[in-house]
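Q: Predicted model and sequence below, questions to follow.
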Amino acid sequence: MKKTISLEDFRDEFINYNRGDQFSYEGLEALYNLLEEMIPNYELDVIGLCCEFTEYKDLEEIKNNYNNIETEEDLYNATSVIKLNDGGYIIQNY
């Protein structure tokens, strides 16, 4: 049996798994929209998403974690990226 969830339900699941601080409010919305668009029948796995994706406040923070990233172009060439309106990024870890 599958259940369709709203954006609010999605956010609540992260809180229920004690992962409410893993992504920003905007970041969770962006991740939800990505999953809705790319994998419409996605079965929610909060822990899996927390392992697979990381939110960064800016490119400098990413550069500190990945030696091969110097520019935004490098980032887009290396992995899947969601650019947030506040200047942050959610990237698929690699």
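A: All right, it came through fine.
Q: Name the helix or strand for I62, please.
A: helix 59-65 (DSSP states H and E).
Q: CA atoms of that helix as CSV?
A: The C-alpha coordinates for helix 59-65 follow below in CSV (Å, rounded to 0.1, in the frame of the first residue of the first chain):
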residue,chain,number,x,y,z
LEU,A,59,29.9,27.3,-3.2
GLU,A,60,32.8,28.1,-0.8
GLU,A,61,31.5,25.5,1.7
ILE,A,62,31.3,22.9,-1.1
LYS,A,63,34.9,23.8,-2.2
ASN,A,64,36.0,23.1,1.4
ASN,A,65,34.6,19.5,1.1
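Q: need the helices for the chain, in chain order.
A: Secondary structure of the chain by DSSP state H: the helices cover 7-16, 25-38, 46-52, 59-65, 72-78.
Q: among those, which is nearest I90?
A: Among the helices of the chain, helix 25-38 comes nearest to I90, with 5.5 Å by Cβ to Cβ. In this view, the C-beta of every residue, glycine as well, is placed from N, C-alpha and C.
Q: Contacts for that closest one next, please.
A: Residues from elsewhere that reach helix 25-38 (Cβ atoms under 8 Å, 6 or more residues apart in numbering): 7, 10-11, 14, 23, 42, 49, 53, 55, 82, 84-86, 88, 90.
Q: switch the cut-off to 6 Å
A: By Cβ atoms under 6 Å, 6 or more residues apart in numbering, the surrounding residues in contact with helix 25-38 are 7, 10-11, 42, 55, 82, 84, 90.
Q: Please apply the same query to stretch 72-92.
A: Applying Cβ under 6 Å, 6+ apart, the set of residues contacting stretch 72-92 is 26-27, 30, 34, 53, 55-59, 69, 94.
Q: returning to what we had before: now the contacts of helix 25-38 in TSV, with distance to D74 and neighbour count?
A: Output for those, formatted as TSV (distance: Cβ to Cβ, whole Å; neighbours: other Cβ atoms under 10 Å):
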residue	distance to D74	neighbour count
L7	31	12
F10	30	19
R11	31	18
Y42	28	12
E55	18	19
I82	16	17
L84	18	17
I90	17	22
